[in-house]
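**Q** Quick one, fold the following:
(2 chains)
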Amino acid sequence: DVKVTQSSRYLVKRTGEKVFLECVQDMDHENMFWYRQDPGLGLRLIYFSYDVKMKEKGDIPEGYSVSREKKERFSLILESASTNQTSMYLCASSSGTGIGRGGGYTFGSGTRLTVV
Amino acid sequence: GENVEQHPSTLSVQEGDSAVIKCTYSDSASNYFPWYKQELGKRPQLIIDIRSNVGEKKDQRIAVTLNKTAKHFSLHITETQPEDSAVYFCAAYYNAGNMLTFGGGTRLMVKP
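**A** This next block holds a predicted model:
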């Protein structure tokens, strides 16, 4: 009963490539988030979206962009991949009215991206 | 914005002992505090949460306590087992941002 699906579990890309990480949720959630997870640094927010075609920068947006053309899909784009973007990327979603009343985030399984 | 600090960053206990992880938050308006467990290679999953109108909540071997005055909350795991080994994240709901702010995580190792 997977509810947040990230298209790739492992990905290896070359420096300078344009990289797309896809996230799809089937819970009709309004809010979607992209985090990167690095050892000792916890979860750092890259971008988030509260609605279709809406996006907001998180704490570390440099080198990334996002796209949300449909409610269920939130894509993270690395315009020109660099080695310092090697990381685990986690997508999450939540109901627009859920947080504070229950539920919290549902996370995807993550994409481990290696840039060589 | 909200700031959540989590301690310790690593915790090693013997099987059967208790483990306590503590978090502090800065926004006094925060009203929802979930805890996530992330096993190696897996997604973070919600294990317990607490709202600001409750001081303590328990679910079998895990419990969470909240002190609103001091702005801190804690996760307590009793009778730890090797399968409790994981990274645990606390979080606080940041009202103004309509999102969770996460602590830095605690790697718990339970030694058999």
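
**Q** Would you enumerate the residues in contact with residue 49?
**A** The chain I'm using is chain A. A:31-33, A:55-56, A:66, A:68, A:74 (CB atoms under 8 Å, 6 or more residues apart in numbering or on different chains). Any C-beta I mention is one placed from the backbone N, CA and C, and that applies to glycine too.

**Q** my bad, the chain I had in mind was chain B
**A** By CB under 8 Å, 6+ apart, residue B:49 lies in contact with A:102, A:104, B:32-35, B:57, B:64.

**Q** Below-threshold pLDDT in chain A: ranges please.
**A** Low-confidence segments of chain A (pLDDT under 70): A:1-2, A:96-103.

**Q** so residue A:5 bridges to which residues?
**A** Counting by DSSP bridges, residue A:5 forms beta bridges with residue A:24.

**Q** list the contacts for it?
**A** Per CB under 8 Å, 6+ apart, neighbours of residue A:5: A:23-26, A:108-109.

**Q** Excluding sequence neighbours, find me the nearest residue to residue 36.
**A** Went with chain A since none was named. Excluding the flanking residues, the one nearest residue A:36 by CB to CB, 6 or more residues apart in numbering or on different chains is residue A:87, at 4.5 Å.

**Q** um, chain B though
**A** residue B:44 (3.9 Å).

**Q** Tell me how many other residues crowd that neighbour.
**A** As a burial measure, residue B:44 scores 29 neighbours (other CB atoms under 10 Å in any protein chain shown).

**Q** so it touches residue B:35, yeah?
**A** No. Between residue B:44 and residue B:35 there is no contact under CB atoms under 8 Å: 9.7 Å.

**Q** Now for these two: what residues contact both?
**A** Both residue B:44 and residue B:35 are in contact with residue B:89, where contact means CB under 8 Å, 6+ apart.

**Q** centroid residue for chain A?
**A** With distances taken as CA atoms, centre = their mean, residue A:34 lies nearest the centre of chain A, 2.7 Å away.

**Q** Helix or strand: which one has that residue?
**A** Element membership of residue A:34, judged by DSSP states H and E, is strand A:31-38.

**Q** So which bits of that strand are buried?
**A** Going by neighbour count (16 or more other CB atoms under 10 Å in any protein chain shown), the buried part of strand A:31-38 is A:31-37.

**Q** Give me the subset of the contacts of residue A:49 that also touch chain B.
**A** A:31, A:33 (CB under 8 Å from any CB of the partner chain).

**Q** Chain B against chain A: which residues are in contact?
**A** B:6, B:9, B:31-32, B:34, B:36, B:42-46, B:49, B:89, B:91, B:93, B:95, B:98-100, B:102-105.
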